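J.: could you work out the structure for the sequence below:
(2 chains)
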2 protein chains.
Amino acid sequence: MSDRRPARIAALVDGLSAAHLDGLLLTGLSNIRYLTGFSGSSALLVVTPRDVVLITDFRYQTQVAAEVGDLARVAIESSSLWTGLWQQLATHPALMVIGFETAHIQHRDFQRLIEAGARWQWRPTLDLVETLRERKDDDEIDAIRAAAGVATRALGNTLPQIKAGLSELEVAGILEKALRDEGSEGFPFPSIVASGERSALPHARTSARQIAKGDLLLMDFGAEVGGYCSDLTRTVVVGKASEEQRATYEVVRLANERAARGVRAGMTGRDADAIARQYIERAGYGDLFGHSLGHGIGLEVHEAPRLARTAEGALGEGAVVTIEPGVYRPGWGGVRIEDDVVLAADGPQTLTQFPRELIELG
Amino acid sequence: MSDRRPARIAALVDGLSAAHLDGLLLTGLSNIRYLTGFSGSSALLVVTPRDVVLITDFRYQTQVAAEVGDLARVAIESSSLWTGLWQQLATHPALMVIGFETAHIQHRDFQRLIEAGARWQWRPTLDLVETLRERKDDDEIDAIRAAAGVATRALGNTLPQIKAGLSELEVAGILEKALRDEGSEGFPFPSIVASGERSALPHARTSARQIAKGDLLLMDFGAEVGGYCSDLTRTVVVGKASEEQRATYEVVRLANERAARGVRAGMTGRDADAIARQYIERAGYGDLFGHSLGHGIGLEVHEAPRLARTAEGALGEGAVVTIEPGVYRPGWGGVRIEDDVVLAADGPQTLTQFPRELIELG
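T.: Residues are numbered from 1 along each chain as shown, chains lettered A, B, ... in the order given. All right, here's what the predicted structure looks like:
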């Protein structure tokens, strides 16, 4: 992916001049990774039209050289990254007005800027890099497709091992081992395995509850490949589905299919959300779909754009988004079906190739 | 643990009067969980001498009632937590000077305080709750002991399954499944499985590298029980250990044992660090122990206190800390041995009961 990074930095530098900034201090680690390839957990990055400086600590000396190459000047700091920052900035006499990332800097560190860094003028910026990240290039789509493949194969390997009597935690263990066996570098978010009436909690935590015959079983999880995430949900029935389970499932399945086929670059996030929401409303379950339809994925599992009733912005070409309608009936259970879809120029492509039809286990 | 929470809030309220604050806005989720029991990912908490108000969103309506009980007044917000905050604050006419958590609020949200919240005076505070959290009560120590037990049993179940030819990712999968089978609610941090010369990277990521006969294999991972973390590292040899591996291992093992036995409440973090560091230095490996000896654990896997060369503060009674000396030889490999130790009144107790002697697998 090294060939794409100079173009990303060039695009950011264009954004800086448009915003009348001499440079930008980056504190958001996913933004730093996007621009430089550095995947460590401790870094500051300064981008100016003249150069790129990455400041990290001694733990990452070997890693940073391998990941960043000659794309940025690297400064290894033994005490504090901030001490390193003042030293690096002082070597740039023309640097006066510097942006910082208002959504990625704690107030404590902002205080450092206006106290120890008082000789520079600091301006809050929002989403300068996030906007670039919204449109995925081919390498990024390949990485997300690979992460989607890991997730779907892991689910396929897991389903035959699930049976009544296992706890949600045990099912999570089987699923996470399958993700590792397929090569997942990590877990982009804590896996949700929720059974029976617990599947009705939109943000359930995996618990020690034993799965019973006839339960709905909701699994929401992801894989990571090359730093990029996938995010997949399937809901199955352990045993034979009841008519009510089947009817609820079918509404969610058709809402998912319509949205995954109908979503388009250029559409607003609100209109995309409405494809699924109107279908669920017409089926009489409108009150039971309490969250939004989806979100962008990439280096982070939640990033721009949003597919929601309040999202007025147009979805960009090349965005990768989740489509995850759900119906949650308190005290009874819930169904969510989630896929990852790239908004290509010629229409949407689903990256998570896994059957949407209801699966009855055992 | 519900009985402890009112006492925690009372202790915080004492701290507020000492700091001349009418109230405190909490944005740090672990601090909110410590005070109220709420484990969701979206919350604001306001503590005043008169009452406690927790603001969260509709996704957590069921969960918040179960977790918080009548300890706090709960406000469910359908749009923005911040809108809910202004409404709640407005019901307190005596509230003028309010603290906020400088280490747990993004600059973007701080801007909201001084713009939308301009009718109140906002004062940065640091570590008001963290200081309380440093001293664990008996319930907390029981939870960490349980998490330590999950981690040691999972490691015991994993070791017989490890053999040359498996990848680091596959070993992570076996270990993480064992953690789930033992009841771990989650993974407090990404598991590190690093083999061969990769074990020399203090912050290695688990990779697809195949483990070879004769490799050092370092595993650094944790479990979570009741929200509390454990953090355990063992380094083994896959096959027969070489003399050099054995000699390096013994230095780290004895450094760990001395520190785990010698650390005391009342000692500075620097003096605790020195127990292990001086031993490693005398053995001639001083340059190869590049990180600090340890850190507190609790609701978070990194919290106060620090055991490091720069830690001048005294270690408090009731703190639970890691003891994790290491020796890293670039291009050759590394050894780290980590235990969790509670600083009880009558001396240190190791919670991670797992043999420290070198294990040769297969």
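
J.: so how far is residue A:245 from the closest residue to chain B within the stretch 251-362 of chain A?
T.: Going by CB to the nearest CB, chain B is nearest to residue A:290 of the stretch 251-362 of chain A, at 6.3 Å. C-beta: built from backbone N, CA, C; applies to glycine. Separation of residue A:290 from residue A:245 (CB to CB, to the nearest Å) stands at 19 Å.

J.: the more surrounded of the two?
T.: Between residue A:290 and residue A:245, counted using other CB atoms under 10 Å in any protein chain shown, the more crowded position is residue A:245 (20 against 15).

J.: could you look up the SS state of residue A:322?
T.: strand (DSSP: H, G, I helix; E, B strand; the rest coil).

J.: which ones are touching the most centrally placed residue in chain A?
T.: Central residue of chain A (CA atoms, centre = their mean): residue A:301, 1.5 Å from the mean position. Residues counted as contacts of residue A:301 (CB atoms under 8 Å, 6 or more residues apart in numbering or on different chains) are A:188-189, A:222, A:229, A:231.

J.: next, give phi and psi for it.
T.: phi -80, psi -10 (degrees, to the nearest 10).

J.: residue A:350 now?
T.: Main-chain torsions, residue A:350, degrees, to the nearest 10: phi -80, psi 120.

J.: that one reaches residue A:263, doesn't it?
T.: No: look at residue A:350 against residue A:263 with CB atoms under 8 Å: they stay out of range, at 10.2 Å.

J.: those two: which is more packed in?
T.: Neighbours were counted for residue A:350 and for residue A:263 using other CB under 10 Å; residue A:263 has more, 25 against 17.

J.: residue A:292 reaches residue A:309, doesn't it?
T.: Yes: applying CB under 8 Å as the test, residue A:292 and residue A:309 come out as touching, 6.8 Å apart.

J.: neighbour-wise, which of the two wins?
T.: Counted by other CB under 10 Å, residue A:292 and residue A:309 do not tie: residue A:292 has more neighbours, with 21 against 13.

J.: next, give phi and psi for that one.
T.: phi -90, psi 170.

J.: contacting residues around it?
T.: So, once contact is read as CB under 8 Å, 6+ apart, residue A:292 ends up touching A:273, A:306-309, A:311.

J.: residues in the stretch 201-350 of chain A within reach of chain B, list them.
T.: Within the stretch 201-350 of chain A, the positions lying close to chain B (CB under 8 Å from any CB of the partner chain) are A:201-203, A:205-206, A:208, A:290-291, A:330.

J.: select only the buried ones of these in PyMOL?
T.: To isolate the buried subset of those in PyMOL, counting by 16 or more other CB atoms under 10 Å in any protein chain shown, use the following:
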select buried, chain A and resi 201+202+205+206+291
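
J.: the residues of the stretch 201-350 of chain A next to chain B into a markdown table, with extra columns for distance to residue A:161, secondary structure and pLDDT?
T.: Below are those laid out as a markdown table (distance: CB to CB, whole Å; DSSP: H, G, I helix; E, B strand; the rest coil; pLDDT from 0 to 100):
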| residue | distance to residue A:161 | secondary structure | pLDDT |
| --- | --- | --- | --- |
| A:201 | 24 | coil | 87 |
| A:202 | 26 | coil | 77 |
| A:203 | 26 | coil | 79 |
| A:205 | 22 | coil | 90 |
| A:206 | 16 | coil | 96 |
| A:208 | 18 | coil | 97 |
| A:290 | 31 | coil | 88 |
| A:291 | 29 | coil | 92 |
| A:330 | 30 | coil | 90 |
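
J.: reformat the residues of the stretch 201-350 of chain A next to chain B as JSON lines; add distance to residue B:87.
T.: Shown next, in JSON lines, are those (distance: CB to CB, whole Å):
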{"residue": "A:201", "distance to residue B:87": "26"}
{"residue": "A:202", "distance to residue B:87": "24"}
{"residue": "A:203", "distance to residue B:87": "24"}
{"residue": "A:205", "distance to residue B:87": "29"}
{"residue": "A:206", "distance to residue B:87": "34"}
{"residue": "A:208", "distance to residue B:87": "38"}
{"residue": "A:290", "distance to residue B:87": "21"}
{"residue": "A:291", "distance to residue B:87": "23"}
{"residue": "A:330", "distance to residue B:87": "26"}
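
J.: out of the residues of the stretch 201-350 of chain A next to chain B, which comes closest to residue A:359?
T.: residue A:206 (19.6 Å; CB to CB).

J.: of the contacts of residue A:292, buried ones?
T.: A:273, A:306-308, A:311.

J.: perfect, that will be all.
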